[in-house]
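Novice: predicted model and sequence follow; I will ask about them next.
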Amino acid sequence: MKIRRLDALSAALGEALAAGRQRSLWVAVTLSEGQINGDLAELLRSFPSTVELPPLRHHSEDLHELVPFFLAKLNRGARLTCSPEAMQLLLRSSWPGNTEQLWQILKQVVQHRRTGTIHPNDLPPECWTVSRRLLSPLESMERDAIVQSLLDHEGNKVKAAKSLGMSRATIYRKIHEYRIVVPAN
């Protein structure tokens, strides 16, 4: 799949360069260390300069501008804003997926809320935690279930644990392990 995208991008750039449109041509690419080799290295030589941006976790203050920008794009101009409480949850994230992860989260939110204000309960479970490491799919499902149960039971840990079939001690340990922000009662 990635090779086809790379070939398509190379072809589009080649056509643009041949047509003399190179002055108005901009391309944004997200790369990980060690990804630049072979065809990609050749493609990158087509660009006169490269701008390297730090990961979103290093400039999370940009969320104050990125969130409204992305919401306007996703919602085609309809008025949707982010409450200060929801923004605080977004600011706590380590954003391992950078702006693409933010885009996907806001895309999920916009599917359920088209206008008005985004509140913490509108955000997906991954926004309610700050993880120091990438969670496995099973851990992500467990975290999401715990967050949803806490939301369903208005932050009551005992009721949330009971609904999930786990002990009170286990839910407290999991809340600490996943660094879940417990909604206020």
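Specialist: Thanks, I have the structure now.

Novice: need the contact partners of the strand or helix carrying residue 65.
Specialist: Assigned by DSSP states H and E, residue 65 belongs to helix 63-74. Helix 63-74 is contacted from outside by 56, 80-82, 87, 90-91, 99, 102-103, 106-107, 110, 118, using C-beta atoms under 8 Å, 6 or more residues apart in numbering. Glycine gets a C-beta too; all of them are placed from N, C-alpha and C.

Novice: of those residues, which belong to strands?
Specialist: 80, 81, 82, 118 (DSSP state E).

Novice: hmm, which of those residues are the buried ones?
Specialist: Using 16 or more other C-beta atoms under 10 Å as the burial test, those include 80, 82, 118 as buried.

Novice: which one of the residues you listed is nearest residue 12?
Specialist: Closest approach to residue 12 among those (C-beta to C-beta): residue 80, at 32.2 Å.

Novice: excluding chain neighbours, give the residue nearest to that closest one in space.
Specialist: Nearest residue to residue 80 in three dimensions, chain neighbours excluded: residue 71, at 5.0 Å (C-beta to C-beta, 6 or more residues apart in numbering).

Novice: do you know how far that neighbour is from residue 154?
Specialist: According to C-beta to C-beta, to the nearest Å, residue 71 stands 27 Å off from residue 154.

Novice: ok, those two, which is more surrounded?
Specialist: It is residue 71, of residue 71 and residue 154, that has more neighbours when counted by other C-beta atoms under 10 Å, with 21 against 11.

Novice: ok, which stretches of the protein are strands?
Specialist: 80-82, 116-118.

Novice: so what does the last one touch, helix or strand wise?
Specialist: What that stands for is strand 116-118. strand 80-82 (3 or more C-beta pairs under 8 Å, 6 or more residues apart in numbering; DSSP states H and E).
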